[in-house]
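Enquirer: Need the 3D shape of this:
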Amino acid sequence: MEYESQIGQDEFVVDQLNGKLGGTFLDVGACYYKHINNTYYLEKALGWRGIAIDVDPHYQAEWNANRENTIFVVQDATQIDYKKLCEDHGLGPVIDYLSLDLEPPHLTFTALQKVLSSGLKFRVITFETDFYRYKDSRDPSRKLLSEHGYELIVEGDQDDFYILKDLKNNL
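Expert: Residues are numbered from 1 along each chain as shown. Modelled structure (predicted):
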């Protein structure tokens, strides 16, 4: 089975978590169920389960038909009570992977603030900054994630890849 993400996010997660089977994820700004999706490979090849969130209801039918281990939520990602959502679906307080990718980047940052304020922890995070298009989008997320104990591992012009420092030796 091939990786599906656009720039290797899924491969990074697999590498950082040593090919973990049966992990968990939160996919914020999920969009397509397979094409350039950051969690498809994790679910299909490694038996992961999780929650996918997108504001556009047009994606829901394909997710429901093709991603049996994923709960698809149609909602504005900046308005969700993430702690309650994850508790209601048996995820947390530590989730293996958080993928954040909304348009435009300021919404991704707002969702990140909301997720981090929930108290949930994530072993690995990929955060789309779209720095190549929005030069002011990267520094705020880097500062916030560092303050919450995440270490920047891969710096990118499109996405930054992080791991949780506290769990670095316990993956």
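
Enquirer: pretty sure Arg67 is touching Tyr33, no?
Expert: Yes: if you go by CB atoms under 8 Å, Arg67 and Tyr33 touch, sitting 5.3 Å apart. Every C-beta, even on glycine, is put in place using the N, C-alpha and C of the backbone.

Enquirer: got any residues that touch both of those two?
Expert: Listed as contacting both Arg67 and Tyr33 by CB atoms under 8 Å, 6 or more residues apart in numbering are Tyr40, Ala52.

Enquirer: who's the most centrally placed residue in the chain bridged to?
Expert: Centroid-nearest residue in the chain, with CA atoms, centre = their mean: Ser99, separated by 1.3 Å. Here Ser99 sits in beta bridges with Asp27, Thr126, going by DSSP bridges.

Enquirer: ok, it - contacts?
Expert: Contacts of Ser99 by CB under 8 Å, 6+ apart are Gln9, Phe25, Leu26, Asp27, Val28, Gly29, Ala30, Asn38, Thr39, Ile125, Thr126.

Enquirer: Kindly write the PyMOL command that selects the buried subset of these.
Expert: Remark: buried members of the contacts of Ser99, expressed as a PyMOL selection using 16 or more other CB atoms under 10 Å:
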select buried, resi 9+25+26+27+28+29+30+38+39+125+126
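
Enquirer: Which pair of the contacts of Ser99 spans the longest distance?
Expert: Ala30 and Ile125 (15.1 Å; CB to CB).

Enquirer: Please confirm that Glu68 is located within a strand.
Expert: No: Glu68: not assigned to a strand; according to DSSP: H, G, I helix; E, B strand; the rest coil it is coil.

Enquirer: and stretch 132-139, which residues are buried?
Expert: So, applying 16+ other CB under 10 Å, buried residues of stretch 132-139: Ser137, Arg138.

Enquirer: Please list the outside residues in contact with that stretch.
Expert: Contacts of stretch 132-139 (CB under 8 Å, 6+ apart): Pro104, Pro105, His106, Thr108, Phe109, Thr129, Asp130, Phe131, Asp157, Gln158, Asp160.
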